[in-house]
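1. fold the following for me, if possible:
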Amino acid sequence: MSSRPVIIVVTGIQAAGKSTVARLLAHRFVRAAHVEADVLQGMIVSGGEWVSEPGEPTGEAAQQLRLRLRNMCLLGISFYKAGFTAVLDDIILGDRWQQLQAELEGVPFSLVVLAPRVEIVAERDTGRMKRPLGEEWARYLDNILRITMAGVGLWIDNSDQTSEETVDEILLRFRPERET
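-> The predicted structure follows:
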(Lines give C-alpha, C1' and ligand atoms only; values in the text may rest on other atoms or scores of the structure.)
Protein backbone atom coordinates (compact mmCIF):
# COMPACT_ATOMS: atom_id res chain seq x y z
CA MET A 1 0.00 0.00 0.00
CA SER A 2 1.02 3.58 -0.55
CA SER A 3 2.57 5.49 2.32
CA ARG A 4 0.35 8.50 1.51
CA PRO A 5 -2.12 8.86 4.40
CA VAL A 6 -5.83 8.44 3.86
CA ILE A 7 -8.94 8.26 6.02
CA ILE A 8 -11.08 5.18 5.55
CA VAL A 9 -14.40 4.79 7.35
CA VAL A 10 -15.61 1.20 7.68
CA THR A 11 -19.32 0.86 8.38
CA GLY A 12 -22.07 -1.73 8.45
CA ILE A 13 -24.57 -2.96 11.00
CA GLN A 14 -23.61 -4.69 14.27
CA ALA A 15 -21.61 -7.92 13.79
CA ALA A 16 -20.86 -7.05 10.14
CA GLY A 17 -17.15 -7.30 10.95
CA LYS A 18 -16.33 -3.60 11.13
CA SER A 19 -13.84 -3.58 14.00
CA THR A 20 -12.01 -6.74 12.97
CA VAL A 21 -11.76 -5.70 9.33
CA ALA A 22 -10.79 -2.11 10.22
CA ARG A 23 -7.97 -3.30 12.50
CA LEU A 24 -6.66 -5.77 9.90
CA LEU A 25 -6.95 -3.12 7.18
CA ALA A 26 -4.93 -0.62 9.24
CA HIS A 27 -2.14 -3.22 9.57
CA ARG A 28 -1.75 -3.21 5.77
CA PHE A 29 -0.54 0.40 5.66
CA VAL A 30 2.97 1.66 6.43
CA ARG A 31 1.70 3.99 9.20
CA ALA A 32 -1.86 3.60 10.38
CA ALA A 33 -4.20 3.92 13.34
CA HIS A 34 -7.52 2.21 14.01
CA VAL A 35 -10.17 4.30 15.77
CA GLU A 36 -13.01 2.12 17.05
CA ALA A 37 -16.17 4.03 18.00
CA ASP A 38 -17.25 1.41 20.56
CA VAL A 39 -14.00 1.98 22.44
CA LEU A 40 -14.70 5.71 22.52
CA GLN A 41 -18.21 5.02 23.86
CA GLY A 42 -16.65 2.80 26.52
CA MET A 43 -14.51 5.70 27.71
CA ILE A 44 -17.60 7.09 29.40
CA VAL A 45 -17.17 5.44 32.79
CA SER A 46 -20.13 7.02 34.54
CA GLY A 47 -23.45 8.03 33.01
CA GLY A 48 -22.91 6.20 29.73
CA GLU A 49 -26.06 5.51 27.69
CA TRP A 50 -25.77 2.92 24.94
CA VAL A 51 -28.51 2.65 22.34
CA SER A 52 -30.61 -0.22 23.67
CA GLU A 53 -33.45 -0.85 21.22
CA PRO A 54 -34.26 -0.58 17.51
CA GLY A 55 -35.34 2.81 16.28
CA GLU A 56 -33.90 6.27 16.22
CA PRO A 57 -32.01 6.96 19.47
CA THR A 58 -33.28 9.83 21.59
CA GLY A 59 -32.21 11.87 24.57
CA GLU A 60 -28.89 11.16 26.25
CA ALA A 61 -28.20 8.05 24.15
CA ALA A 62 -28.52 10.13 20.95
CA GLN A 63 -26.26 12.86 22.34
CA GLN A 64 -23.59 10.34 23.32
CA LEU A 65 -23.82 8.62 19.94
CA ARG A 66 -23.23 12.00 18.27
CA LEU A 67 -20.34 12.73 20.67
CA ARG A 68 -18.63 9.44 19.86
CA LEU A 69 -18.95 10.12 16.12
CA ARG A 70 -17.44 13.58 16.58
CA ASN A 71 -14.56 12.26 18.67
CA MET A 72 -13.91 9.41 16.24
CA CYS A 73 -13.61 11.93 13.41
CA LEU A 74 -11.43 14.32 15.45
CA LEU A 75 -9.02 11.48 16.25
CA GLY A 76 -9.04 10.34 12.63
CA ILE A 77 -8.23 13.83 11.37
CA SER A 78 -5.47 14.20 13.98
CA PHE A 79 -3.82 10.93 12.90
CA TYR A 80 -4.27 11.84 9.22
CA LYS A 81 -2.63 15.26 9.68
CA ALA A 82 0.27 13.57 11.48
CA GLY A 83 0.87 11.36 8.43
CA PHE A 84 -1.00 8.22 9.50
CA THR A 85 -3.72 6.46 7.58
CA ALA A 86 -6.74 6.51 9.88
CA VAL A 87 -9.19 3.62 9.69
CA LEU A 88 -12.38 4.52 11.56
CA ASP A 89 -15.26 2.17 12.30
CA ASP A 90 -18.80 2.78 13.47
CA ILE A 91 -22.38 2.18 12.40
CA ILE A 92 -23.02 4.97 9.89
CA LEU A 93 -26.51 5.13 8.39
CA GLY A 94 -29.39 7.56 8.12
CA ASP A 95 -28.63 10.97 9.62
CA ARG A 96 -25.25 9.72 10.84
CA TRP A 97 -24.04 9.79 7.21
CA GLN A 98 -24.68 13.54 7.04
CA GLN A 99 -23.09 13.98 10.49
CA LEU A 100 -19.99 12.07 9.38
CA GLN A 101 -19.66 14.20 6.25
CA ALA A 102 -19.97 17.38 8.33
CA GLU A 103 -17.33 16.19 10.83
CA LEU A 104 -14.90 15.25 8.03
CA GLU A 105 -15.64 18.31 5.88
CA GLY A 106 -12.54 19.45 4.02
CA VAL A 107 -10.71 16.17 4.63
CA PRO A 108 -10.74 13.51 1.91
CA PHE A 109 -12.07 10.16 3.07
CA SER A 110 -13.32 6.88 1.66
CA LEU A 111 -16.24 4.83 2.89
CA VAL A 112 -16.38 1.04 2.97
CA VAL A 113 -19.77 -0.55 3.68
CA LEU A 114 -19.72 -4.12 4.96
CA ALA A 115 -23.09 -5.65 4.09
CA PRO A 116 -23.32 -9.33 4.97
CA ARG A 117 -26.68 -11.11 4.84
CA VAL A 118 -28.85 -10.57 7.94
CA GLU A 119 -28.91 -14.26 8.88
CA ILE A 120 -25.08 -14.24 8.89
CA VAL A 121 -25.07 -11.14 11.09
CA ALA A 122 -27.51 -12.74 13.54
CA GLU A 123 -25.32 -15.84 13.72
CA ARG A 124 -22.14 -13.79 14.26
CA ASP A 125 -23.86 -11.58 16.83
CA THR A 126 -24.52 -14.47 19.21
CA GLY A 127 -20.83 -15.41 19.33
CA ARG A 128 -19.41 -11.97 20.09
CA MET A 129 -18.01 -10.60 23.34
CA LYS A 130 -20.19 -7.52 22.85
CA ARG A 131 -23.83 -7.45 23.92
CA PRO A 132 -25.85 -9.28 21.22
CA LEU A 133 -28.61 -7.15 19.75
CA GLY A 134 -30.73 -9.85 18.14
CA GLU A 135 -32.12 -10.60 14.70
CA GLU A 136 -34.98 -8.06 14.92
CA TRP A 137 -32.50 -5.24 15.40
CA ALA A 138 -30.21 -6.64 12.70
CA ARG A 139 -33.09 -6.66 10.19
CA TYR A 140 -34.11 -3.13 11.17
CA LEU A 141 -30.57 -1.75 10.84
CA ASP A 142 -29.88 -3.65 7.61
CA ASN A 143 -33.02 -2.16 6.05
CA ILE A 144 -32.05 1.38 7.12
CA LEU A 145 -28.47 0.85 5.90
CA ARG A 146 -29.60 -0.34 2.47
CA ILE A 147 -32.11 2.51 2.08
CA THR A 148 -30.09 5.45 3.40
CA MET A 149 -26.63 4.44 2.16
CA ALA A 150 -27.54 3.05 -1.27
CA GLY A 151 -24.95 4.02 -3.87
CA VAL A 152 -22.52 5.50 -1.32
CA GLY A 153 -19.03 4.09 -0.87
CA LEU A 154 -17.53 0.71 -1.64
CA TRP A 155 -20.04 -2.04 -0.74
CA ILE A 156 -18.82 -5.52 0.14
CA ASP A 157 -20.98 -8.53 0.96
CA ASN A 158 -18.59 -10.28 3.33
CA SER A 159 -21.06 -13.04 4.27
CA ASP A 160 -18.86 -15.83 2.93
CA GLN A 161 -15.44 -14.25 3.47
CA THR A 162 -12.92 -14.40 6.26
CA SER A 163 -11.89 -11.02 7.64
CA GLU A 164 -8.57 -11.31 5.78
CA GLU A 165 -10.38 -12.00 2.50
CA THR A 166 -12.55 -8.93 3.09
CA VAL A 167 -9.44 -6.79 3.60
CA ASP A 168 -7.91 -8.23 0.42
CA GLU A 169 -11.06 -7.29 -1.51
CA ILE A 170 -11.08 -3.78 -0.05
CA LEU A 171 -7.48 -3.22 -1.10
CA LEU A 172 -8.09 -4.73 -4.53
CA ARG A 173 -11.04 -2.41 -5.17
CA PHE A 174 -9.87 0.63 -3.15
CA ARG A 175 -9.83 3.90 -5.07
CA PRO A 176 -9.70 6.78 -2.58
CA GLU A 177 -10.59 9.41 -5.17
CA ARG A 178 -13.97 7.84 -5.96
CA GLU A 179 -15.33 6.34 -2.73
CA THR A 180 -17.09 9.28 -1.06
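2. when you work out contacts or count neighbours from here on, use the C-alpha atoms and nothing else.
-> OK.
3. so which other helices or strands are in contact with the lowest-mean-pLDDT helix or strand in the chain?
-> Within the chain, no helix or strand scores below helix 118-126, which has a mean of 80 by mean pLDDT, DSSP states H and E. When contacts are defined as 3 or more CA pairs under 8 Å, 6 or more residues apart in numbering; DSSP states H and E, helix 118-126 packs onto helix 135-148.
4. before we move on, back to that, list the buried ones in the least confident helix or strand of the chain?
-> 118, 120-122, 125 (16 or more other CA atoms under 10 Å).
5. which ones are touching the nearest residue to residue 97 once chain neighbours are set aside?
-> Closest residue in space to residue 97, ignoring its immediate chain neighbours: residue 149 at 7.8 Å, by CA to CA, 6 or more residues apart in numbering. Applying CA atoms under 8 Å, 6 or more residues apart in numbering to residue 149 gives the contacts 93-94, 97.
6. for residue 149, give its distance to residue 41.
-> As for residue 149, its distance to residue 41 is 23 Å (criterion: CA to CA, to the nearest Å).
7. before we move on, what about residue 101?
-> From residue 101 to residue 41 the distance is 20 Å (CA to CA).
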